[in-house]
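**Student:** Sequence and predicted model, in that order:
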Amino acid sequence: MKKIAIYPGSFDPVTNGHIDIAERGLKLFDKIIVAILHNPVKDFLFTVEERVEMLESSFKDYPDITVETFDGLLVDYAASRKSTAILRGMRAVSDFEYEFQLALMNRRLRREVQTVFLMTGLRWIFTSSSIIKEAARFGGDITGMVPPVVNKKLKEKFGFIS
Ligand code: PNS
C-alpha cells in the first residue's frame, strides 16, 4: 500500500523552504499531497487559485507531489485521502509551540493520524512567507528564496512589473 502524506499549509506564497520539505518528504513517503487550506475568513495576499497555480508550477517535475485544497478539519481531510500522516516543517524554536499545539490537537481528534516533522534545511531557517512578502512589497530582492514563478507573481502583485 502506498504511503501518502498530507503536507498542509497556507502557502501564501510557497517558498523554497516549503519545496525543500516536500522534496525530502518524498524520501519517507510514496506520495505527498500538498494541501492548501481554503479559509475565506483569513486575509491572504494570493487567492487559492493563484496559490494552486504557483504550487503546481513549482512541483511540475514531481509526479508524486500533487496539489489540492481543503476545507474543515485537517485530520478529516487526511482520512478522506486515506492518509495517516501529516508532514510539517519546523524551523527555529519559535515554530515549536504552535506546531506542538497543532500536532496534539490533531492527535486528539484522530489518534491514527501521526504528525511527522522535518527540520528545515539550514539555508531556509529564516525563510517565511510573511517575511518574503514584506521584503517583496518594498521592492526587496528575494531571488533564490522562492521559485521563479513566485518571484514574478510577487513583483506583479506589488506593481513592480505588469
Ligand atoms: O501554513 P500554516 O498557515 O501554518 O498552516 C496551518 C494549517 C493549514 C496546517 C492549519 O491551520 C490547519 O490545519 N487548519 C485546518 C483546521 C484544522 O484542522 N486545525 C487544526 C485542529 S483545530
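**Tutor:** Everything's here; your move. As the structure is a prediction and not an experimental result, all values here were calculated from the model.
**Student:** What backbone torsions are found at residue 147?
**Tutor:** Main-chain torsions, residue 147, degrees, to the nearest 10: phi -60, psi 150.
**Student:** What's the local residue count around it?
**Tutor:** For residue 147, the count of nearby residues is 19 (other C-beta atoms under 10 Å). Quick note: C-beta positions are derived from backbone N, CA and C, even for glycine.
**Student:** try the one 10 residues further on
**Tutor:** Using other C-beta under 10 Å, residue 157 has 16 neighbouring residues.
**Student:** just residue 40 next, same as before
**Tutor:** Counted with other C-beta under 10 Å, residues neighbouring residue 40 total 8.
**Student:** Show me the shaky parts of this protein.
**Tutor:** Counting by pLDDT under 70, the chain contains no low-confidence residues.
**Student:** Spell out whether the biggest helix by length in it and the ligand are in contact.
**Tutor:** As far as residue count goes, and with DSSP state H defining each element, the longest helix of the chain is helix 96-109. Yes - on the criterion C-beta under 6 Å from any ligand atom, helix 96-109 is in touch with the ligand at 102, 105-106.
**Student:** what helices or strands is the strand or helix carrying residue 154 leaning on?
**Tutor:** Under DSSP states H and E, the secondary-structure element containing residue 154 is helix 148-157. Contact here means 3 or more C-beta pairs under 8 Å, 6 or more residues apart in numbering; DSSP states H and E; on that basis helix 148-157 packs against helix 48-58, helix 129-137.
**Student:** Please identify the most buried of those helices.
**Tutor:** helix 48-58 (a mean of 19; mean count of other C-beta atoms under 10 Å).
**Student:** wait, does that helix contact the ligand?
**Tutor:** No - Helix 48-58 lies apart from the ligand when judged by C-beta under 6 Å from any ligand atom; the minimum separation is 10.9 Å.
**Student:** Against which helices or strands is that helix packed?
**Tutor:** Contact partners of helix 48-58 among helices and strands, from 3+ C-beta pairs under 8 Å, 6+ apart: strand 31-37, strand 65-70, helix 148-157.
**Student:** Identify, out of the ones you listed, the most deeply packed stretch.
**Tutor:** Scoring these by mean neighbour count under mean count of other C-beta under 10 Å gives strand 31-37 as the most buried, with a mean of 23.
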